[in-house]
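[1] coordinates only, no sequence provided:
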């Protein structure tokens with residue numbers, strides 16, 4: 001069984017890629033089509049376009065993650081397979097994804113990775129997931145979706161067996177952070193979409209300061225769809241909150257258990 005490591009742009013999945021060699025490294029990029037959010041580095045834009053095989057306009061993720069993937073390739077001496085689904089703007093859904101209906105992860109992370117697997121490998125693989133010791137509940141939720149052979153399916157096709165090397169070896173966050181100190185890899189303060197609805201409103205308000213154009217895209221999407229990312233408030237309302245003096249991102253993790261796929 002071939003081994004695949006899902007690298008999300010965070011330090012944990014990168015730690016696995018560095019310390020538990022696999023046959024393939026795969027990164028799923030969330031694309032959007034707002035040119036106000038296009039990175040200013042045109043060489044980067046062209047590089048990403050080449051990697052995903054179509055014009056790259058922008059991502060809902062922190063642009064630093066794009067550099068992370070390129071840095072990791074240099075550090076590992078191993079190529080990263082970039083995959084991307086349809087741009088967020090063109091997903092044919094009547095409403096926005098939310099905590100109860102998380103179709104964004106399925107369509108923009110899992111589906112393009114599955115299609116890459118189908119075209120490249122076509123037989124079940126061992127998928128290394130970047131959950132750390134202390135995150136056993138996240139792993140359990142993922143394993144609960146597996147069949148009796150320990151395989152997760154997309155549609156009706158079993159294709160991956162999730163494994164969690166850091167949980168098995170008792171690797172916690174402090175060891176991961178220490179490992180990456182001084183190494184030539186740039187990391188974002190938080191990976192995945194900057195405006196993810198799983199994030200606390202305090203964090204989302206800070207994101208309006210750090211990524212104003214991208215957070216405007218999230219707010220505009222609510223008005224375009226006539227829907228909300230979070231049931232309790234709109235992103236436009238969040239943008240009007242008084243900013244916090246300081247946010248320690250380490251205290252605001254995500255336990256959704258899926259976006260790092």
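    Noted; the coordinates are in hand. Just so we're clear, the structure is a prediction, and the values are computed from it rather than from any experiment.

[2] run the chain-centre distance for the helix-or-strand element of the chain with minimal mean pLDDT.
    Least confident helix or strand of the chain, by mean pLDDT, DSSP states H and E, is helix 103-105 with a mean of 91. Distance of helix 103-105 from the chain centroid (C-alpha atoms, centre = their mean, to the nearest Å) equals 11 Å.

[3] check which residues of it are buried.
    104-105 (16 or more other C-beta atoms under 10 Å). For glycine as for every other residue, the C-beta is placed from the backbone atoms N, C-alpha and C.

[4] and stretch 94-101, by the same measure?
    96-98.

[5] quick one: which of those residues is nearest to residue 216?
    residue 96 (15.2 Å; C-beta to C-beta).

[6] just checking: what are the partner strands of the helix or strand hosting residue 162?
    Using DSSP states H and E, residue 162 sits in strand 157-163. Using DSSP bridges, the strands paired with strand 157-163 are strand 125-128 (parallel), strand 152-154 (antiparallel).

[7] can you tell me what sits against the longest one?
    If I follow you right, that is strand 125-128. 1-6, 16-17, 20, 22-24, 117, 152, 159-165, 261 (C-beta atoms under 8 Å, 6 or more residues apart in numbering).

[8] among those residues, which ones are buried?
    4-6, 16-17, 22, 24, 117, 152, 159-165, 261.

[9] state the phi and psi torsions of residue 181.
    Main-chain torsions, residue 181, degrees, to the nearest 10: phi -60, psi 130.

[10] burial measure for it, as a count.
    6 (other C-beta atoms under 10 Å).

[11] please enumerate the strands of the stretch 1-150 of the chain.
    Taking DSSP state E, counting those that start in this stretch as the test, the strands found in the stretch 1-150 of the chain are 3-6, 24-29, 31-32, 58-59, 80-84, 125-128.
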